[in-house]
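**Student:** model this:
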Amino acid sequence: MFSNFRRRGLIDSDLRYEANTSRAPDEPQAPYCLAPEVVDRILDHLWAEPRALKMCSLTCSGWLPTTRRHLFRTIRIRSSYFCVQFASLILSRTAMPITFLPCVREIILQDSPLRNVDVKLASRAFRRLRNVETLNLAFWPAVDLPTAFMEDMCLSFPNVIYLRMDECDIMDPVHFVQLVCGFPRLSRIHVEDQELLQRSDGPCAGFDRAAMESMRPIVYPKSLNKRTTLPDLVIERLDLLPSKQCFRLAAVLCQPRFKLRLRYLRVNWSCRRLSPLIHMLDNIGDALEEIVFAVEGNDIEKDQSWLADQIKKLTVTNVRSLTIGKANLSSGMNENTFNWVPVLIRHVLERSRHLVDLHFHLRFEEDLTTLDAFPWTRLDRLFLTLPARYIGRGVYVQLHIWVPAVDWVRRQGIYELGKSIRGKMPRSQCGMRFLDRHKPRGYEQGSVEYDMVLGLPTI
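**Tutor:** Alright, predicted model coming up:
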């Protein structure tokens, strides 16, 4: 019988109880709670798990402020119906106060949710979101908007520092200028249309012509009326990716009345017309630290020489990283399409005060012969005449190549691709080290990465 009690754990529990109660009453007990800062760091790792955050918020009242900050950080309004529902919720007079509004940091207005909605009603609701720092306009079609629409939206979010436009089509140039100039604290702009290239026949299938027509009055510098009110914006990060707004935004930012102090510049220019881009490059300031640059679809010799001349005028003394691409290589291209590549690399390596890391992002959809469109020969000669600070060190280069499919990598082999690239740069081959890594992607294409050091002296 005694063994049965011991087997069931009853005697052991009694002994533990007597041991705990035998402690002196004045003896302090060891703390069992973690510091609030440690708990916050642990909960921060659940930022992408809404269900886990909800369960944690119901578990402990002390965890509620941290979980609420992640749960209500982003609000997405998908249509006019949800916009009305959201405004009614915020403006309603209920017995229980709405306490999550200070936690909102990002709002996504999708599918033009203010269409056929009382703009003043929505503005009153949005003005309760005083801490919004990111405004995302996603999937906006080309529709006629009220005259006071942009002004009311800018007044509703006075603390926005990041403006993002995904597949957004704002045709009226007045509205577009109001949107860009309406946020006094704006420091980052991102424009992109991920489906644009898939919907067209190529990267330059005429969408720049439609984008240009409405912006023709402000394409060139000093074209805006001097009486037009423009704030002194200090843009630190700019992402110009393929989209209709890419052309329009460059046409606005090329105005010398803007103060661009870019630290990070990311450009993937797919328009045939280079004039807005070139004028904008003349106005980006002298604080650049990282450049991601790609220009496709324009092999006109006049425009290429114009772009090269403007690149040589860039102030790049603080640049630490330079990325070329993502460049799409096809059989219809030649080295003249990428004349700007060796010009930009040489200018950055010679003028920067730091040791610059280079990154090449290339993509080809056919056989290995399409790699010949990239100016390997000119780059091979360039790396043999590096500045003095690279002597004995060389230049670290990371080559990232997207291949047609994962099966292509298995069939051809990553070493075969590396051997082909080595053969294109024979002069600097003695200073090249390849570290082959294959990273399969979840989508259709695979990728291959090579790390190399170019320009080392022959041993």
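
**Student:** now do the helices in the stretch 51-200 of the chain.
**Tutor:** All helices of the stretch 51-200 of the chain, identified by DSSP state H, counting those that start in this stretch, fall at 64-71, 80-91, 119-126, 149-156, 173-181, 196-199.

**Student:** could you pull out the strands in the stretch 251-400 of the chain for me?
**Tutor:** For the stretch 251-400 of the chain, the strands defined by DSSP state E, counting those that start in this stretch occupy 259-269, 290-295, 321-329, 357-364, 395-403.

**Student:** mind putting these into TSV with mean neighbour count, mean pLDDT and distance to Leu314?
**Tutor:** Any C-beta I mention is one placed from the backbone N, CA and C, and that applies to glycine too. Shown next, in TSV, are the strands of the stretch 251-400 of the chain (neighbours: other Cβ atoms under 10 Å; pLDDT from 0 to 100; distance: least, Cβ to Cβ, whole Å):
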stretch	mean neighbour count	mean pLDDT	distance to Leu314
strand 259-269	19	87	9
strand 290-295	21	93	9
strand 321-329	20	87	11
strand 357-364	19	88	16
strand 395-403	19	82	19
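
**Student:** just put these in TSV and tack on distance to Lys312.
**Tutor:** Compiled in TSV, the strands of the stretch 251-400 of the chain are given as follows (distance: least, Cβ to Cβ, whole Å):
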stretch	distance to Lys312
strand 259-269	16
strand 290-295	14
strand 321-329	15
strand 357-364	18
strand 395-403	19
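
**Student:** indicate which one of the ones you listed is closest to Val119.
**Tutor:** Closest to Val119 of those is strand 259-269 (Cβ to Cβ; 30.7 Å).

**Student:** and the closest one, which strands flank it?
**Tutor:** Take DSSP bridges as the rule and strand 259-269 pairs in its sheet with strand 234-240 (parallel), strand 290-295 (parallel).

**Student:** for these, which one sits closest to Ser92?
**Tutor:** Nearest of the strands paired with strand 259-269 (Cβ to Cβ): strand 234-240, 37.9 Å.

**Student:** identify the residues contacting that closest one?
**Tutor:** If you take Cβ atoms under 8 Å, 6 or more residues apart in numbering as the criterion, strand 234-240 is touched by 186-192, 246, 249-250, 253, 258-269, 277, 284, 287.

**Student:** now swap in stretch 374-389 and tell me
**Tutor:** With Cβ under 8 Å, 6+ apart as the test, stretch 374-389 has contacts from 327, 329, 335, 338-339, 341-342, 345-346, 349-350, 355, 362, 394-395, 421, 424-428, 431, 454-455.

**Student:** show me where pLDDT drops low in the stretch 151-300 of the chain?
**Tutor:** 195-233, 256-257, 259, 297-300 (pLDDT under 70).

**Student:** adding mean neighbour count and distance to Leu135, write the helices of the stretch 51-200 of the chain out as CSV.
**Tutor:** Shown next, in CSV, are the helices of the stretch 51-200 of the chain (neighbours: other Cβ atoms under 10 Å; distance: least, Cβ to Cβ, whole Å):
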stretch, mean neighbour count, distance to Leu135
helix 64-71, 18, 19
helix 80-91, 15, 14
helix 119-126, 18, 10
helix 149-156, 19, 8
helix 173-181, 20, 9
helix 196-199, 12, 21
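
**Student:** which residues are in contact with the closest residue to Pro50 other than its chain neighbours?
**Tutor:** In space, and not counting its chain neighbours, Pro50 is closest to Leu71: 6.4 Å by Cβ to Cβ, 6 or more residues apart in numbering. Leu71 is in contact with Pro50, Leu53, Lys54, Ser57, Phe100, Cys103, counting by Cβ under 8 Å, 6+ apart.

**Student:** and if you look at Ala87?
**Tutor:** Per Cβ under 8 Å, 6+ apart, neighbours of Ala87: Leu121, Ala122, Arg124, Ala125.

**Student:** wait, which of these is closest to Val39?
**Tutor:** Val39 lies nearest to Ala125 out of those, by Cβ to Cβ, at 33.2 Å.

**Student:** pLDDT wise, what is the closest one at?
**Tutor:** For Ala125, the model assigns a pLDDT of 89.

**Student:** which ones are touching it?
**Tutor:** If you count contacts by Cβ under 8 Å, 6+ apart, Ala125 has them with Phe86, Ala87, Ile90, Leu91.

**Student:** got it, and Val180?
**Tutor:** Val180 neighbours (Cβ under 8 Å, 6+ apart): Leu163, Leu186, Ile189, Leu233, Leu249, Val252, Leu253.
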